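>>> output the structure for:
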Amino acid sequence: MQNPEREWFGTRKVSAREKTDLVRGVFDSVADKYDLMNDLMSGGRHRLWKDRFVRQIRPRPGMKCLDVAGGTGDIAFRLKRKGAQVTVSDINEEMLRVGRDRAIDRGWLALEWVPANAEDLPFDDESFDLYTIAFGLRNVTHIDKALAEAARVLKPGGKFFCLEFSRVEEPFIAKIYDAWSFNVIPRIGAAVAKDRESYQYLVESIRKFPPQKQLVRRMAAAGLSQCRYTNLDFGVVAIHQGVKV
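Prediction:
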């Protein structure tokens with residue numbers, strides 16, 4: 001079945017419409033604690049992953065960039081520091097609020113913040129030099145639609161980059177990672193964010209996300225070329241990239 005993850009909210013089977021609404025509810029709930037929880041869940045490594053992600057992108061001054069599911073601004077701010085022109089989109093307005101507030105605190109008023117569903121972006125064809133999505137693609141209901149939209153809004157020669165939790169390929173590391181994910185992260189969510197269920201979903205959603213090579217094939221099917229991936233930390237996360245022909 002194409003896009004089988006559309007039926008799963010974590011390990012719960014739901015309709016596509018229910019999934020979209022449930023995911024929106026998760027991020028409404030966690031928006032204010034999102035960055036703190038990222039630090040606690042990853043031991044701060046998410047910052048290193050994001051730095052590596054942007055180094056691999058090599059943004060240039062004046063590059064027109066769309067950061068999808070980028071609500072709190074972590075990737076957008078890194079791109080902005082390199083001189084890129086950045087539009088941030090996110091389906092969740094609470095996440096965008098957090099990002100806008102952080103941008104204002106930095107005095108960055110030129111960033112554009114657009115509420116939008118990754119499956120149906122309100123931008124013209126061939127509008128951007130770069131499309132980024134970090135830790136957001138696994139929460140999209142119809143991943144293949146989102147990939148097709150990425151290809152649509154990119155200019156010819158434009159680049160697609162995705163940073164996402166993926167599949168650990170070394171069995172011993174995978175056992176340690178699973179123990180941490182299922183036993184510790186929901187407890188941190190309960191203690192810090194007062195929301196165990198949302199963090200239980202976030203852990204489960206990683207296991208429903210397509211593994212590295214399958215995502216490469218789906219990127220190619222969506223119209224991207226030169227598709228490949230780079231594992232970080234044994235595949236705990238992976239950077240996928242492709243080019244619009």
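>>> for whatever helix or strand Ile104 lives in, list every residue counted as buried.
For Ile104, the host element (DSSP states H and E) is helix 93-106. Neighbour-count burial for helix 93-106 flags Glu93, Glu94, Met95, Leu96, Arg97, Val98, Gly99, Arg100, Arg102, Ala103 (criterion: 16 or more other CB atoms under 10 Å). Just so you know, the C-beta spots here come from the backbone N, C-alpha and C atoms, and that holds for glycine as well.
>>> give me the helices and strands touching that helix, please.
helix 16-30, helix 34-42, helix 74-81, strand 85-90, strand 112-115 (3 or more CB pairs under 8 Å, 6 or more residues apart in numbering; DSSP states H and E).
>>> again, only using 6 Å
strand 112-115 (3 or more CB pairs under 6 Å, 6 or more residues apart in numbering; DSSP states H and E).
>>> how far does the strand it packs on sit from its chain's centre?
16 Å (CA atoms, centre = their mean, to the nearest Å).
>>> quick check: buried residues in it?
Within strand 112-115, the residues that count as buried by 16+ other CB under 10 Å are Trp113.
>>> residues making contact with it?
With CB atoms under 6 Å, 6 or more residues apart in numbering as the test, strand 112-115 has contacts from Thr87, Val88, Ser89, Glu93, Leu96, Arg100.
>>> can I get the buried residues of helix 93-106 in a markdown table with distance to Ala69 and pLDDT?
Formatted as a markdown table, the buried residues of helix 93-106 follow (distance: CB to CB, whole Å; pLDDT from 0 to 100):
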| residue | distance to Ala69 | pLDDT |
| --- | --- | --- |
| Glu93 | 13 | 90 |
| Glu94 | 13 | 88 |
| Met95 | 8 | 89 |
| Leu96 | 10 | 94 |
| Arg97 | 15 | 92 |
| Val98 | 13 | 90 |
| Gly99 | 11 | 93 |
| Arg100 | 15 | 95 |
| Arg102 | 16 | 93 |
| Ala103 | 16 | 95 |
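>>> all helices for this protein, in order.
With DSSP state H as the criterion, the chain has helices at 16-30, 34-42, 45-57, 74-81, 93-106, 143-153, 171-183, 185-188, 196-208, 212-221.
>>> show me the shaky parts of the chain.
Within the chain, the stretches with pLDDT under 70 are 1-14, 16-17, 19, 21-31.
>>> out of the buried residues of helix 93-106, who's nearest Asp195?
Taking CB to CB as the measure, Glu94 is the one of the buried residues of helix 93-106 closest to Asp195, at 13.2 Å.
>>> about what we covered before: off-centre distance for the helix holding Ile104?
The answer for helix 93-106 is 17 Å, by CA atoms, centre = their mean.
>>> pull the CA atoms of it into PDB?
C-alpha atoms of helix 93-106 as PDB (Å, rounded to 0.1, in the frame of the first residue of the first chain):
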ATOM      1  CA  GLU A  93       0.100  27.900  14.600                       C
ATOM      2  CA  GLU A  94       1.200  27.400  18.200                       C
ATOM      3  CA  MET A  95       4.600  26.300  17.000                       C
ATOM      4  CA  LEU A  96       4.700  29.300  14.600                       C
ATOM      5  CA  ARG A  97       3.900  31.600  17.500                       C
ATOM      6  CA  VAL A  98       6.900  30.200  19.500                       C
ATOM      7  CA  GLY A  99       9.200  30.700  16.500                       C
ATOM      8  CA  ARG A 100       8.000  34.200  15.800                       C
ATOM      9  CA  ASP A 101       8.500  35.200  19.400                       C
ATOM     10  CA  ARG A 102      12.000  33.800  19.300                       C
ATOM     11  CA  ALA A 103      12.800  35.600  16.000                       C
ATOM     12  CA  ILE A 104      11.500  38.900  17.500                       C
ATOM     13  CA  ASP A 105      13.800  38.400  20.600                       C
ATOM     14  CA  ARG A 106      16.700  38.200  18.100                       C
END
